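> Pasted the sequence and its predicted model underneath.
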Amino acid sequence: MSRFPGFFALIVLPVLVLGLAACETPVPEQSLPELTFAHLKPIKLNVATIEVVSHYKQPLKPPNVEHLFPTPPLRALRRWAGDRLKAVGKSGSARLIIKKASAVETVLKKKTGFTATFTKQQSQRYDLSVEATLEIFADGRPRGRASAHATRFSTVREDASINTRQRLWFDLTEALVRDFDVEMENNIRRHLGAWIR
């Protein structure tokens, strides 16, 4: 029998703890691309300045989850305005008013029963919505406006990792703002054509 049982216990215990800690591998953070619209041809407006104003306030609580997104819809719309709208005139102004830029999470009802036990089900649905109006002012008076809105949704499985969710959120936001871009450009050309250079 060993004369130093306590000594060996002190050595073995830390080794076991270190071994268990080594088994917990942290999930590596994924690197998502920057959401940009700089590759698209800018819409040149015959105004001296362009302002972006948000009337939408993020609730920062459920069911809204846009503040958790890698690129929240509000930030994506601001980036869209910076990349797509260019002031090339000497007078007048344009104002993009963001009215909505939300993402709402809904917990889906799961099926029950024997078959459901062995099936990975869709557990959450994400509904995204953006809406904005572009206004033109000259001589201190409104001269015209164009509006656009877009919606997108998707669901996610109950076993989805945080990286999977964030990728889904990013892809949804990108598709959402691209839809918005198409509608807004069409409406700018239809209603504000006289202000395009």
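Thanks, I have the structure now.
> Can you pull the poorly scored residue ranges out of this structure?
1-29, 113-118 (pLDDT under 70).
> give me that answer again for 80
Across the chain, residues meeting the criterion (pLDDT under 80) sit at 1-30, 111-120.
> So which residue is dead centre in it?
P72 (3.3 Å; CA atoms, centre = their mean).
> tell me the contacts of that one?
Taking CB atoms under 8 Å, 6 or more residues apart in numbering as the criterion, P72 is in contact with Q58, E66, A101, A103, T173. Placement of C-beta: from N, CA and C, glycine included.
> wait, doesn't the first one sit right on L68?
No: under the criterion of CB atoms under 8 Å, Q58 lies out of contact with L68, with a separation of 10.3 Å.
> Can you name the helix or strand that F153 falls in?
In the assignment (DSSP states H and E), F153 maps to strand 141-157.
> Looks to me like S102 is in a strand.
Yes: assessed by DSSP: H, G, I helix; E, B strand; the rest coil, S102 belongs to a strand.
> how close does the residue nearest to it when sequence neighbours are not counted get to F153?
Nearest residue to S102, sequence neighbours excluded (CB to CB, 6 or more residues apart in numbering): S129, at 5.3 Å. Noted for S129: a distance of 9 Å to F153, by CB to CB, to the nearest Å.
> overlap in contacts of these two?
If you check S129 and F153 against CB under 8 Å, 6+ apart, no residue is contacted by both.
> Thanks a lot, catch you later.
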